[in-house]
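Visitor: 3D model of this:
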Amino acid sequence: MKVVIVGGVAGGASAAARLRRLDESAQITMYERSGYVSYANCGLPYYVGELIIKQEALTLQTPKKFYDRFRIDAKVKHEVIDIDAQNKTVTVKNLMTDEVFVDHYDKLLLAPGAKAVRPNIPGIDHKNIFTLRTVEDALKIHDAIKENDAKSAVVVGGGFVGIEVAENLKHLGMDVTLVEATSQVLSILDRDMVSQVHTQLRENGIQLLLNRKVSCFETDKEQICCVFEDGKKIHTDLVMLAMGVVPDTNLAQKAGLETSVKGSIVVNERMETSVADIYAVGDAVEVTNYVTGKKGLIPLAGPANKQGRIAADNMAGMKSSYKGTQGSSVIQLFDMTIGVTGINEQTAKAEQIDYDRAILSPASHASYYPGGKVMTMKVLFEKETERILGAQIVGFDGVDKRIDVIATAIRSKMKASELAELELCYAPPYSSAKDPVNMAGFIIDNLIHDKVKQFYYEDCIQLPQDGSVFLLDCRTPKEYSNGHAQGFVNIPVDELRERLNEVPQEKPVYVMCQSGLRSYIANRILKEKGYDCYNFAGGYRFYSMVAKDQLNKTESYPCGMDK
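Guide: Sure, this is the predicted structure:
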């Protein structure tokens with residue numbers, strides 16, 4: 001069997017290695033148009049920021065290593081420019097010599113990946129405006145910073161790559177401005193959960209400009225002038241475009257393969273395309289969202305590797321299937337960690353799912369053991385079925401392992417309340433006897449069994465101040481004096497039973513504490529006494545964090561910016 005693989009990196013390289021392990025007799029040729037057949041794409045921002053020093057650390061395999069270990073003929077700087085599906089041939093151009101030749105295949109795998117968005121706006125071809133997708137991109141950026149002694153940068157786009165690049169340029173001591181066209185960075189997070197991320201960016205010296213769109217780039221002596229749609233400008237030494245990616249599928253479309261959203265290649269669960277004996281994997285293919293069942297694009301390295309393995313299995317005659325992608329992701333931002341899995345509230349609403357959510361602020365490990373740090377967790381679930389829809393965690397220590405547990409629970413189709421039953425590792429330096437994941441399960445179980453009713457930030461800012469409801473803050477007087485939500489009256493939870501006469505029973509009572517625990521206890525006291533009461537999800541800590549971020553949605557520009 002002759003197998004041709006177009007593209008290396010994650011999906012293509014994984015497929016090649018897996019296929020060799022399954023079939024020692026297969027003839028496998030891999031064509032990669034860049035100079036590197038398999039590299040750590042996700043490590044590129046850290047090379048730019050010099051956290052990864054050696055270029056060789058980014059290269060996972062070389063053509064020689066591929067041949068020595070697997071007898072795979074990996075050809076770099078070779079671009080497949082045409083596919084003849086009827087005759088089962090590909091036309092290949094050697095980018096080093098311009099030679100063009102034809103190769104044949106029995107099975108063809110397409111792993112072309114995705115290309116960075118580079119919009120057609122005036123001035124975008126300036127030599128110091130970059131995208132970051134390949135090793136060559138990272139080398140160019142690294143060299144440009146050194147050669148130009150760059151002191152400032154504008155990063156356009158607040159997704160994963162934009163955040164990572166902004167952080168790493170800041171590590172180099174540069175003045176960094178992060179520009180995002182929408183009202184928040186990291187659209188995978190809900191608007192309330194992203195508040196901490198905005199604060200983290202600002203507190204680490206990154207100027208954050210939200211709701212800003214670049215209309216053009218101008219050259220001003222040695223600098224680039226970014227011009228916004230409102231006419232305001234900012235001068236900088238270099239610009240990083242991190243405006244997302246689109247599937248690189250021109251070759252597939254020219255060959256007549258069925259494509260879908262943004263040109264992505266349509267595949268079945270065996271990673272087969274619409275044309276016989278042609279498979280496709282990675283960022284170029286349409287996937288099924290594991291939670292919603294809908295088709296879409298979720299470009300991630302983990303799924304690409306799995307898809308490559310599955311495609312190889314099927315080429316070798318095995319029966320393997322890809323069950324979908326749930327978007328489990330984690331990102332570091334200075335000392336902060338942000339983790340997500342499944343869908344967020346925006347998607348749940350768009351899919352018209354009747355959902356609820358638990359919001360909590362547990363510590364990373366036992367409170368009595370030094371060094372514990374608070375994280376903010378949100379878990380979404382479908383009310384009727386208790387199906388876990390997704391989770392978002394923003395914090396410091398222990399975020400990744402909690403998001404991984406919930407990701408596993410989603411894949412295992414556990415009910416949300418069953419998170420309370422998980423037996424997870426406990427020792428004071430690592431967790432609490434009631435792990436944060438268990439705590440989320442307890443809250444969800446209480447919601448499902450009507451032990452408590454919740455209200456949220458968007459409800460809180462709309463609560464009437466005319467006396468028709470009673471607003472209760474059950475923290476200590478000291479906590480209350482340090483800051484409280486408007487209109488809330490302070491009665492500490494430990495005094496509530498003796499002061500119930502101060503709480504009018506004919507009015508709905510909305511209760512808040514620091515994290516949501518004491519207010520839950522207050523709710524139970526009130527409910528047992530016949531009150532109609534509601535607990536604020538996330539507590540005052542969460543409320544103040546979101547409120548502070550809302551106040552920071554300023555129209556101001558950084559110092560030195562043209563008005």
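
Visitor: what pairs with Val102 across the strands?
Guide: Applying DSSP bridges to Val102 gives these bridge partners: Thr91.

Visitor: can you give me the neighbour number for it?
Guide: Val102: 11 surrounding residues under other CB atoms under 10 Å. Just so you know, the C-beta spots here come from the backbone N, C-alpha and C atoms, and that holds for glycine as well.

Visitor: now the one 10 residues further on
Guide: A count of nearby residues for Pro112, using other CB under 10 Å, gives 27.

Visitor: most distant residue from the centre of the chain?
Guide: Ranked by distance from the centre of the chain (CA atoms, centre = their mean), the top residue is Asn501, with 48.6 Å.

Visitor: give me phi/psi at that one?
Guide: When quoted as degrees, to the nearest 10, the phi and psi of Asn501 stand at phi -60, psi -20.

Visitor: go on, Ala40?
Guide: phi -80, psi 80.

Visitor: what's the answer for Thr249, then?
Guide: Per degrees, to the nearest 10, the backbone of Thr249 is at phi -120, psi 20.

Visitor: quick check: chain neighbours aside, which residue is closest to Ser34?
Guide: Counting by CB to CB, 6 or more residues apart in numbering, Ser34 lies nearest to Thr134, which is 5.0 Å off, once chain neighbours are set aside.

Visitor: hmm, that neighbour is touching Val37, no?
Guide: No: look at Thr134 against Val37 with CB atoms under 8 Å: they stay out of range, at 11.7 Å.

Visitor: more neighbours, these two?
Guide: More crowded of Thr134 and Val37, by other CB under 10 Å: Val37, with 26 against 20.

Visitor: isn't the more buried one up against Asp73?
Guide: No: using CB under 8 Å as the test, Val37 is too far from Asp73 to be in contact (10.6 Å).

Visitor: which neighbours do the two share?
Guide: Common neighbours of Val37 and Asp73 (criterion: CB atoms under 8 Å, 6 or more residues apart in numbering): Met30.

Visitor: tally of neighbours for Asn120?
Guide: For Asn120, the tally of surrounding residues (other CB under 10 Å) stands at 5.

Visitor: need the residue closest to the centroid of this protein.
Guide: Central residue of the chain (CA atoms, centre = their mean): Ser329, 5.0 Å from the mean position.

Visitor: distance of the spatially closest residue to it that is not a sequence neighbour from Lys65?
Guide: Leaving aside its sequence neighbours, Ser329 sits nearest to Val340 (CB to CB, 6+ apart; 5.3 Å). From Val340 over to Lys65 the distance is 34 Å, taken as CB to CB, to the nearest Å.

Visitor: Asp98 too?
Guide: From Asp98 over to Lys65 the distance is 27 Å, taken as CB to CB.

Visitor: ok, Cys425 - contacts?
Guide: Taking CB under 8 Å, 6+ apart as the criterion, Cys425 is in contact with Ser431.

Visitor: quick one: it and Lys527, what's the gap?
Guide: Remark: distance between Cys425 and Lys527 (CB to CB) = 35 Å.

Visitor: go on, Ile444?
Guide: With CB to CB as the criterion, Ile444 and Lys527 are 18 Å apart.

Visitor: looking at these two, which has the bigger crowd around it?
Guide: Ile444 (24 against 16).

Visitor: which residue is the nearest non-sequential neighbour of the more buried one?
Guide: Ala416 (4.5 Å).

Visitor: pretty sure Pro508 is touching Phe470, no?
Guide: Yes: using CB under 8 Å, Pro508 and Phe470 qualify as a contacting pair, with a distance of 7.2 Å.

Visitor: higher neighbour count, the two?
Guide: Shown here are Pro508 and Phe470; by other CB under 10 Å, Phe470 has more neighbours (21 against 16).

Visitor: give me phi/psi at the more buried one?
Guide: The phi/psi pair for Phe470 (degrees, to the nearest 10) is phi -110, psi 130.

Visitor: all helices for the stretch 351-500 of the chain, in order.
Guide: Secondary structure of the stretch 351-500 of the chain (DSSP state H, counting those that start in this stretch): helices at 399-411, 436-448, 457-460, 477-481.

Visitor: out of those helices, flag the one nearest Lys323.
Guide: Closest approach to Lys323 among those is made by helix 399-411 (8.3 Å; CB to CB).

Visitor: just the C-alphas of that closest one, formatted as CSV.
Guide: Output of helix 399-411 as CSV, limited to C-alpha atoms (Å, rounded to 0.1, in the frame of the first residue of the first chain):
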residue,chain,number,x,y,z
VAL,A,399,-7.0,24.7,37.7
ASP,A,400,-5.8,22.2,35.1
LYS,A,401,-6.5,19.1,37.1
ARG,A,402,-10.1,20.2,38.0
ILE,A,403,-10.9,21.1,34.4
ASP,A,404,-9.6,17.7,33.3
VAL,A,405,-11.8,15.9,35.8
ILE,A,406,-14.9,17.7,34.5
ALA,A,407,-13.8,17.1,30.9
THR,A,408,-13.6,13.4,31.7
ALA,A,409,-17.1,13.6,33.4
ILE,A,410,-18.6,15.1,30.2
ARG,A,411,-17.0,12.4,28.0
